[in-house]
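Q: based on what follows, work out the 3D shape:
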Amino acid sequence: MPSSSATDFVRFALDEGVLRFGSFKVKSGRMSPYFFNAGLFNSGRSVGKLAAFYAQALLNSGLQFDMLFGPAYKGIPLATATAVALASHPQGRGRDVPFAYNRKEAKDHGEGGTLVGAPLAGKVVIIDDVITAGTSVRESVDIIRAAGAEPAAVLIALDRMERAGPDDALSAHSAVQDVAQTYGMPVISIASLADIMALLQNDSQFAEHGPAVQAYREKYGV
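A: Here you go, the predicted model:
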């Protein structure tokens, strides 16, 4: 059974138009019966609520961590907002969690370099929206390790639980599983495709989309 927070997040994403059902051509070229675009969390209220979900998922995981890292560009507001949410979360006991992020282009004046924020140290949680190719995670891991810190986990909004590659040569694992295995660290998600499926099965308002999503999961899912 999905957790209530995961179910609440799926409904929140639907309400915000971040999660939609229909027929969508995604980056991989596949036609997907659902689409998740975290960039549409684009107001103060919605990002504040999103950050609360991130903070709750991280605290629920029981993971030991020292700071947050947001890979440019999507991860920057996510890490920032999640640090704010953690500071006011009752379960966090007012803990003031440092955060940092990178910029794509090195700055040659002021503080210089590609890193902004708190110095990378200790156990670092990478925060992003989803994992597709894992490129952002690889770059973040390299940055964190180069600073002498330890990548502790990746925290994402949605685990699509989906294998990559062409239909006749699908990868053995999902992008999330590959990241977890490659770097030996957990990937924590607020919700997953399983939680979306549970909503489709339990809510008559969206039941018509269930067969298409189920067929997609059977074809590409893990």
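Q: all contacts plus neighbour counts: C-alpha atoms, from now on.
A: OK.
Q: find the nearest non-adjacent residue to residue 74, please.
A: Nearest-residue entry for residue 74: residue 128, 6.6 Å, with adjacent residues in sequence omitted and distances by Cα to Cα, 6 or more residues apart in numbering.
Q: that neighbour and residue 147: what is the separation?
A: Separation of residue 128 from residue 147 (Cα to Cα, to the nearest Å) stands at 20 Å.
Q: show me which of those two is the more surrounded one.
A: residue 128 (27 against 13; other Cα atoms under 10 Å).
Q: low-confidence regions, the protein specifically.
A: 1-4, 106-113 (pLDDT under 70).
Q: rerun at 50
A: Judged by pLDDT under 50, the chain has its weakly predicted residues at 1-2, 110, 112.
Q: let me see the ranges of the strands in it.
A: Assigned by DSSP state E, the strands in the chain fall at 19-25, 31-36, 67-70, 99-107, 113-117, 123-127, 150-159, 187-192.
Q: helices of this protein, residue ranges please.
A: In the chain, the segments counted as helices under DSSP state H are 4-15, 44-61, 75-87, 135-146, 175-183, 193-202, 210-220.
Q: tell me which of those helices is the most buried.
A: helix 75-87 (a mean of 22; mean count of other Cα atoms under 10 Å).
Q: that helix: how far from the chain's middle?
A: Remark: helix 75-87 is offset 13 Å from the chain centroid, using Cα atoms, centre = their mean, to the nearest Å.
Q: again, but for stretch 140-151
A: 19 Å.
Q: same check on stretch 5-20?
A: Mean-position distance between stretch 5-20 and its chain equals 14 Å (Cα atoms, centre = their mean).
Q: export it as PDB, just CAs?
A: C-alpha atoms of stretch 5-20 as PDB (Å, rounded to 0.1, in the frame of the first residue of the first chain):
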ATOM      1  CA  SER A   5       2.200  11.200   2.100                       C
ATOM      2  CA  ALA A   6       2.900   9.500  -1.300                       C
ATOM      3  CA  THR A   7      -0.800   9.500  -2.100                       C
ATOM      4  CA  ASP A   8      -1.200  13.100  -1.000                       C
ATOM      5  CA  PHE A   9       1.700  14.000  -3.200                       C
ATOM      6  CA  VAL A  10       0.200  12.400  -6.300                       C
ATOM      7  CA  ARG A  11      -3.000  14.300  -5.700                       C
ATOM      8  CA  PHE A  12      -1.100  17.500  -5.200                       C
ATOM      9  CA  ALA A  13       0.800  17.000  -8.400                       C
ATOM     10  CA  LEU A  14      -2.500  16.400 -10.200                       C
ATOM     11  CA  ASP A  15      -4.100  19.500  -8.700                       C
ATOM     12  CA  GLU A  16      -1.100  21.600  -9.800                       C
ATOM     13  CA  GLY A  17      -1.200  20.200 -13.400                       C
ATOM     14  CA  VAL A  18       2.300  18.800 -12.800                       C
ATOM     15  CA  LEU A  19       1.000  15.200 -13.300                       C
ATOM     16  CA  ARG A  20      -1.300  14.700 -16.300                       C
END
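Q: residues making contact with that stretch?
A: Stretch 5-20 is contacted by residues 34-41, 46, 53, 190-192, 195-196, 199 when judged by Cα atoms under 8 Å, 6 or more residues apart in numbering.
Q: cool, and stretch 192-206?
A: Contact with stretch 192-206 is made by 1-2, 6-7, 10, 158-161, 207-210, 213-214, as judged by Cα under 8 Å, 6+ apart.
Q: which one of the residues you listed is nearest residue 59?
A: Taking Cα to Cα as the measure, residue 59 lies nearest residue 6 of those, at 13.7 Å.
Q: I'm done for today, thanks for sticking with me.
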